[in-house]
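J.: Got a sequence here, can you build the structure:
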Amino acid sequence: MHFARATTVLGAALAAALGAAIVIHLFGPHILPPSSTGWMLSGQVGPDPVQYWLGWTFFRQAPWGWPPGESPLYGMELSSSIFYADSIPLIALALKALRGVVDVDQYWGLWLAFCGAMQAWLGWRLVGLFTKDVLARVAGAMILVLQPMLLNRMGGHFALSAQWLVLWSLLLVLTPGGRFRPLGWALLVLAASLIHSYILPMVLALWVADWWSRKGVLELALVPAAGLGGLWLAGFFLLGAGHGNAQYGTMQLDLLGPFDPGFWGSLVPDLPDPDHPESGSSYLGLGALLLLPFAFLARPVRRIWPLALVLLAMLAFAISHRVLVGGAEVLHIPLPGALVEKMGALRCSERFFWPLAYALILAGMAGLLRVAGPRWGGLALLALLAVQAVDLRPGYARIAHYFPPTPAELPLRLQDPFWEQAAIRYRAIRAVPAANQGRAWEEIAVFAARHGMATDAIYLARADASAVAGLRRRVAQRLMDSDPEPATLYVLRDEESLEIAREGLRPGRDAIIQADGLNILAPDWDVTASVSLTNPGEMIRTPGEENSHADPTPPRL
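T.: Below you'll find the predicted structure:
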């Protein structure tokens, strides 16, 4: 008895360690140290990792707000919360509370390793529903880790690497409940609400499948309340508009998607696809595909029709109202525009294939083990794991270049000496005209974050377009009225903004300066100070401008 229990514990630990090791091997150990931020700010895989770092950096610098997830420094009037920076509020809130005790510059490398470990550990537990054989459980768990669905998301969408939440939900659905089952679901939904808004509805849908067998009234209130509470804590409700759009049905699941290797597979021929950003990310791998026929031989461990209905409903959402086969539209179901806009809040519907995909892989493992028995079934799963690993070699080679080794901290892209002088004089940087992910947002925001300044140069997962338009009007009017805000620097992104700033320039007080290819309005700038700069860039002077010392500005934050 004690030996069996020790074997189980050691097997689970081995599976978790192997899951983390796979992630570390694929992406490199240099992503782990909390002081290492260069790999995130290199821009190798696009702006998303930069966004996550900015969201966390501004959030931890700001005083606590209400709700706790409020983040006023990142966006100023356009700011919302840590939720919309996709910076994993669950971790950000905890680390901000511990600031001064535990200070970290980035936590995403450790998070990715943790997600690999959790994916493997829960895979071990799920395969354990069908066998106690250690080899079968470890091999099955590794097939669930070596999934393009997971590894693709680890290459940039870090919060979506928490697919272990889906596995945990499936584990709860497939195992008998106890009196603490409602509390377990509440905690799982709370965690999902504090990680990512795509995974939350998946977990809630799977909870409904489990709840259907009990129909507890108290649970019906407790579990959704936990989700709403988590969303409130993270600041989800601070954004009043900007959730929906018309993108639903543009990044949907192609019916050939699970069989289309894209850049991942080496053993399966490439298939036509819709060529949207998610194409290829639903490929299951040849090892997993070979398991699917055995799914018909699996013996249900519980009554599964509520689970089947929920999984099929999520599959229908993933396919969308525009049904594609090999990139060609074969069916278009007309939907009201208002409904499409609301469904567009979950823009990439293809991801809602994940729960069904994992359930089918597990069912295939269950059927194989039922037919072959634990010993031969374990060897068969080990062989399929080898097939999976070989098949996905092109994908490994590609993601290995996502986060190349870099210095722990990269130099700022804004290197003109003007900026360091400006950091002493100003408390905030505005980018004119305001925009979500506008020109030079990254350079400006990283500089502001490193110097403790607020900025409206942002990239957020969701932004209120009306708020952006209103801010544009207000800032333009202030510049035309020669009424710039105190201690605020203005980066002029286009010619129209430059002309407005010129018209409202206060001779002898303000300066328009060029630095690092950007035009900047520096209110109350001591124009004589630029003479002492080593390489101040070109100062644009207006007729009649006089040299004088600027009015003192308030100290920076």
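
J.: Out of the helices and strands in the chain, which is least certain?
T.: Sorting the helices and strands of the chain by mean pLDDT, DSSP states H and E puts strand 539-540 at the bottom, at a mean of 46.

J.: and the strand or helix carrying Val189, how far from the chain's centre?
T.: Using DSSP states H and E, Val189 sits in helix 181-193. Its chain's C-alpha centre and that of helix 181-193 lie 20 Å apart, by CA atoms, centre = their mean, to the nearest Å.

J.: likewise stretch 220-238?
T.: Computed by CA atoms, centre = their mean, the separation of stretch 220-238 from the middle of its chain amounts to 19 Å.

J.: Verify the stated contact: Ser161 with Gln147.
T.: No. Here Ser161 lies out of contact with Gln147, judged by CB atoms under 8 Å, at a distance of 11.1 Å. In this view, the C-beta of every residue, glycine as well, is placed from N, C-alpha and C.

J.: returning to what we had before: which other helices and strands does the helix holding Val189 contact?
T.: Packing partners of helix 181-193 (3 or more CB pairs under 8 Å, 6 or more residues apart in numbering; DSSP states H and E): helix 164-174, helix 199-211, helix 217-234.

J.: how does it look with 6 Å?
T.: With contacts defined as 3 or more CB pairs under 6 Å, 6 or more residues apart in numbering; DSSP states H and E, helix 181-193 has these neighbours: helix 199-211, helix 217-234.

J.: So which of the ones you listed has the densest surroundings on average?
T.: Highest mean neighbour count among the helices and strands packed on helix 181-193 (mean count of other CB atoms under 10 Å): helix 199-211, with a mean of 22.

J.: Report the angle between it and helix 217-234.
T.: 170 degrees (axes from the mean of the first three to the mean of the last three CA atoms, to 10 degrees).

J.: Okay, now stretch 76-83: how far is its last residue from its first?
T.: With CA to CA, to the nearest Å applied, stretch 76-83 spans 16 Å between its terminal residues.

J.: How about residues contacting it?
T.: For stretch 76-83, the surrounding residues in contact (CB atoms under 6 Å, 6 or more residues apart in numbering) are 55, 59, 69-72, 89, 92, 234-236, 238-239, 454, 456, 458, 467, 471.

J.: Also stretch 154-162?
T.: With CB under 6 Å, 6+ apart as the test, stretch 154-162 has contacts from 45, 48, 86, 88, 108, 112, 115, 153, 195-196, 199, 399, 402.

J.: Can you show me the CA trace of that stretch as PDB?
T.: These are the backbone C-alpha positions of stretch 154-162, laid out as PDB (Å, rounded to 0.1, in the frame of the first residue of the first chain):
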ATOM      1  CA  MET A 154       3.600  29.800 -25.100                       C
ATOM      2  CA  GLY A 155       5.300  31.600 -28.100                       C
ATOM      3  CA  GLY A 156       3.700  34.900 -27.200                       C
ATOM      4  CA  HIS A 157       0.200  34.600 -25.600                       C
ATOM      5  CA  PHE A 158       1.500  33.700 -22.100                       C
ATOM      6  CA  ALA A 159      -1.700  33.800 -20.200                       C
ATOM      7  CA  LEU A 160      -3.300  31.400 -22.700                       C
ATOM      8  CA  SER A 161      -0.700  28.800 -21.700                       C
ATOM      9  CA  ALA A 162      -2.900  28.000 -18.700                       C
END
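
J.: picking that back up, indicate which one of the helices and strands packed on helix 181-193 is closest to Leu315.
T.: Nearest to Leu315, of all the helices and strands packed on helix 181-193, is helix 199-211, at 11.1 Å by CB to CB.

J.: among the contacts of stretch 76-83, which ones are buried?
T.: By neighbour count, with 16 or more other CB atoms under 10 Å, the contacts of stretch 76-83 hold 55, 59, 69-72, 89, 92, 234-236, 238-239, 454, 456, 458, 467, 471 as buried.

J.: for the stretch 251-400 of the chain, what spans make up the helices?
T.: 286-289, 305-319, 337-343, 354-391, 393-399 (DSSP state H, counting those that start in this stretch).
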